[in-house]
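> Model the following, please.
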Amino acid sequence: MKKLSFELLSILLTANCLFYFSKSKVFAGLPLCPRVAEMSRTLNPGKKFLSSNFENFRNADYLVFVGMPSSENIGLAQASLPTDYFRSSTSGDWSNAGSWESSPDNLSWLPATLVPTSLANNISIRVGNQIGVSTNVSLDQLTIDGTLEVQTGCVLSIPDGPGDDIKIISGGILRVISATVYTSTINQSANASINVLTGGRIAIGNGASLVGSGYESFATSVVNVWGDGSVFEHNCATTFLASGTYFPNPASGASIPIFRVSLVSGTPGSTADFIINGLLEVNCPFSFSGSGKKTFRDGITGTSTLTLSPALGTTTISSAAAVLGGSGLTLILNRTLNISAGVTVPLGANVLLSKTSSANVAKNGGIFVINGTIDITDRTITNTSGSVIVNGILKTSAIGGLYNPGNIASGIITLNPGSTIEYNGTANQSVTGSGVLGQSYYNITFSGGSAKTPINAVNVHTLGTVKITSPGTVVDATAN
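From the prediction side, this is the model:
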């Protein structure tokens, strides 16, 4: 049965007869209107015979002719209306109707005969589908569960409609690969909002394409909403604007969005202050520069190396619930890193404070909790009137030992059951004795291929272990 859209009826109906719209091939409805001579053979081929009078019959499946056998009745393909619901049916270009399905009621779906615009009731890009935009597109009430890719040539207009104008749900991505600047590509009305939910992501670049400037505006917008664990990613070989405030409009006070740096060129920074109201995730090596203050509210995590240049303004991790984390984060501190009381190295984290650093970590009061692994090399942690609590692994290469003097000159250090202190310096090291610590070690490891000399007696918990793991490592235990 050949399917025809309403717009093709005038080509087919060239006989003087009655016709009906029906849900079956056999007549089951009332006459819609008679065919008259003026509407038959005198019509030009291709002339559209579709009016608002027919819109109530859009759910019909067949056009039925009176007095003709049912085999002559015509199957109808419903034509999409601009106000329909639209959803992606496959990956493709936005401007190709074949990329879409439409529905008048969000229940029954058919291949679309036009592409969605801001007039659509709702638009959805489904899981596994990538829709590219390379022309002018106006959209509203768009839900991204797959990927929307903004390409060179695209002008994306986002008017302010009811509810979220764009909603990016978990796993959904809005990716920009346009070489054109933000102001020429994104036309977002003053109150139009993009809501990035937990697990949703806006990505600038794909790791290959050079992207125009200014797309940080997604993150600095005061109307865009960022959920807990939502991601703004810089993934192209250009620099990003490190000034102003990222994520000024979190979904709630407890939301921690992520600024992920996967690829960057240059040294971001300026004389203006830079605040990330979320977590900085470092997945490629880069340096911050500029004399403006840098504030990473919820901490730093990642798999690569972050350098704090000497000329930076005050650099701070400000939240009491912040983390130093990631499976391979290295910090080169050429500027003091100030951390608030309560910062944690979470379980599974592996953090290194590089020995090439020329500055240290400052913490005045409160606790610093180590649940994962941190190698503080020969860096110091100012711990005035505070406490360092070790539940995981703390490594040190300081020649003066771990505590008083050593890495932590004052305050309290607490070694909980299951904790490990590793002396891993390649130069000869003093080992802080239990009398200075005020407690026994739980586990202690010696590595680095150098001599380790306890300052006084070193006691180890009866359930703990003592390990020597590197060739050439010698422990002088005569003081015990």
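> what residues are up against V361?
By Cβ atoms under 8 Å, 6 or more residues apart in numbering, the contact set of V361 is L333, T336, L337, N338, I339, L353, I376, R379, T380, I381, T382. Placement of C-beta: from N, CA and C, glycine included.
> Just give me the closest of those residues to F259.
L337 (17.1 Å; Cβ to Cβ).
> hey, what's the closest residue to that closest one other than its chain neighbours bridged with?
The spatially closest residue to L337, leaving aside those adjacent along the chain, is V361, at 5.2 Å (Cβ to Cβ, 6 or more residues apart in numbering). Counting by DSSP bridges, V361 is bridged to L337, I381.
> Looking at V361 now. What's its pLDDT?
In the prediction, the pLDDT value recorded for V361 is 95.
> what sits against G266?
G266 makes contact with T238, T239, according to Cβ under 8 Å, 6+ apart.
> Number the chain from 849, please
Understood, numbering begins at 849; the last thing we discussed is G1114.
> Confirm that it lies within a strand, as I assumed.
No: G1114 is assigned coil when assessed by DSSP: H, G, I helix; E, B strand; the rest coil, not a strand.
> and the gap between it and T1153?
Going from G1114 to T1153 by Cβ to Cβ, to the nearest Å gives 16 Å.
> Ok, E1064 next?
Taking Cβ to Cβ, one finds E1064 at 22 Å from T1153.
> Same check on I1237?
26 Å.
> cool, V998 as well?
30 Å.
> Which of these two has more residues huddled nearby?
V998 (23 against 17; other Cβ atoms under 10 Å).
> ok, and the closest non-adjacent residue to the more buried one?
V1024 (4.6 Å).
> give the contact list for the one you found.
Listed by Cβ under 8 Å, 6+ apart, the contact partners of V1024 are E997, V998, T1033, I1050, A1051, I1052, G1053, V1059, Y1063.
> Bridge partners for it, pull those for me.
In beta-bridge terms (that is, DSSP bridges), V1024 pairs with V998, I1052.
> can you pull the pLDDT of it?
In this model, V1024 is scored at 98, pLDDT.
> How about C865?
Reading off the model, C865 has pLDDT 43.
> and the closest residue to T1192 other than its chain neighbours, how many residues sit next to it?
Closest residue to T1192 apart from its sequence neighbours, by Cβ to Cβ, 6+ apart: V1217 at 4.4 Å. Neighbours of V1217 under the rule other Cβ under 10 Å: 19.
> and what of G1062?
Counted with other Cβ under 10 Å, the neighbours of G1062 add up to 16.
> State the distance from it to F1088.
Counting by Cβ to Cβ - G1062 and F1088 are separated by 10 Å.
> Equivalent analysis for R1183, please.
As judged by Cβ to Cβ, R1183 and F1088 stand 19 Å apart.
> any idea which helix or strand comes after the helix or strand containing I1123?
According to DSSP states H and E, I1123 maps onto strand 1122-1124. Sequence order places strand 1127-1130 as the next helix or strand after strand 1122-1124, per DSSP H and E.
> Name the residues of that next one that are buried.
L1127, L1128, E1129, V1130 (16 or more other Cβ atoms under 10 Å).
> got the buried residues for stretch 1072-1088?
1072-1084, 1086-1088.
> and stretch 1302-1320, how far from the chain's centre?
Centre-to-centre, stretch 1302-1320 and its host chain are 44 Å apart (Cα atoms, centre = their mean, to the nearest Å).
> Make sure A1067 is indeed in a helix.
Yes: assignment of A1067 by three-state DSSP places it within a helix.
> burial count for S928?
Per other Cβ under 10 Å, the neighbour tally for S928 reads 25.
> do L1022 as well
Residues near L1022, counting by other Cβ under 10 Å: 22.
> got the contact list for it?
Shown in contact with L1022 (Cβ under 8 Å, 6+ apart): I992, T995, L996, V998, I1014, I1016, I1042, R1049, I1050, A1051.
> how about it, secondary structure?
Going by three-state DSSP: L1022 is strand.
> Can you give me the distance of it to F1088?
As judged by Cβ to Cβ, L1022 and F1088 stand 16 Å apart.
> if you skip the residues just before and after it, what's nearest to the residue most central in space within the chain?
Geometric centre of the chain, nearest residue: V1079, 2.0 Å, by Cα atoms, centre = their mean. Spatially, and ignoring its direct neighbours in sequence, V1079 is nearest to R1049 (4.1 Å; Cβ to Cβ, 6+ apart).
> Can you give me every residue that contacts the one you found?
If you count contacts by Cβ under 8 Å, 6+ apart, R1049 has them with I1016, G1020, I1021, L1022, S1078, V1079, F1080, E1081.
> Would you map the helices across the stretch 1149-1298 of the chain?
For the stretch 1149-1298 of the chain, applying DSSP state H, counting those that start in this stretch gives helices covering 1282-1285.
> How many residues are close by N1212?
Count around N1212 with other Cβ under 10 Å applied: 14.
> that older thread, quick one: average pLDDT of the strand holding I1123?
For strand 1122-1124, the mean per-residue pLDDT is 98.
> end-to-end on stretch 1087-1100?
From its first residue to its last, stretch 1087-1100 covers 29 Å (Cα to Cα, to the nearest Å).
> next one: stretch 1247-1254
One end of stretch 1247-1254 to the other measures 7 Å (Cα to Cα).
> can you check stretch 1314-1321 too?
End-to-end distance of stretch 1314-1321: 13 Å, with Cα to Cα as the criterion.
> for that stretch, which positions count as buried?
Result for stretch 1314-1321 [16+ other Cβ under 10 Å]: buried residues T1321.
> and what of stretch 1254-1262?
G1254, N1255, I1256, G1259, I1260, I1261.
> about what we covered before: can you give me every residue that contacts the residue nearest to T1192?
G1190, V1191, T1192, V1193, I1237, N1239.
> please redo it, this time with the cut-off set to 10 Å
1171, 1190-1194, 1235-1240, 1262, 1264 (Cβ atoms under 10 Å, 6 or more residues apart in numbering).
> Ok, K1243 next?
1199-1201, 1221-1225, 1250, 1255, 1268-1273, 1293, 1295-1296.
> Can you get me a residue count around the closest residue in space to it that isn't next to it in sequence?
Spatial nearest neighbour of K1243, chain neighbours left out: D1223 (3.9 Å); criterion: Cβ to Cβ, 6+ apart. Counted with other Cβ under 10 Å, residues neighbouring D1223 total 19.
> do the same with A1197
The burial count for A1197: 21, using other Cβ under 10 Å.
> just checking, it touches T1221?
Yes: A1197 lies in contact with T1221 (Cβ atoms under 10 Å); the separation is 6.6 Å.
> so what's in contact with those two at the same time?
Joint contacts of A1197 and T1221 (Cβ under 10 Å, 6+ apart) are S1175, G1240.
> sorry, back to before: so which of the contacts of V1217 wins on neighbours?
Neighbour-wise, the contacts of V1217 (other Cβ under 10 Å) top out at V1193, 26 neighbours.
> residues in contact with that one?
Contacts of V1193 (Cβ under 10 Å, 6+ apart): 1147, 1171-1174, 1177, 1199, 1216-1222, 1238-1242.
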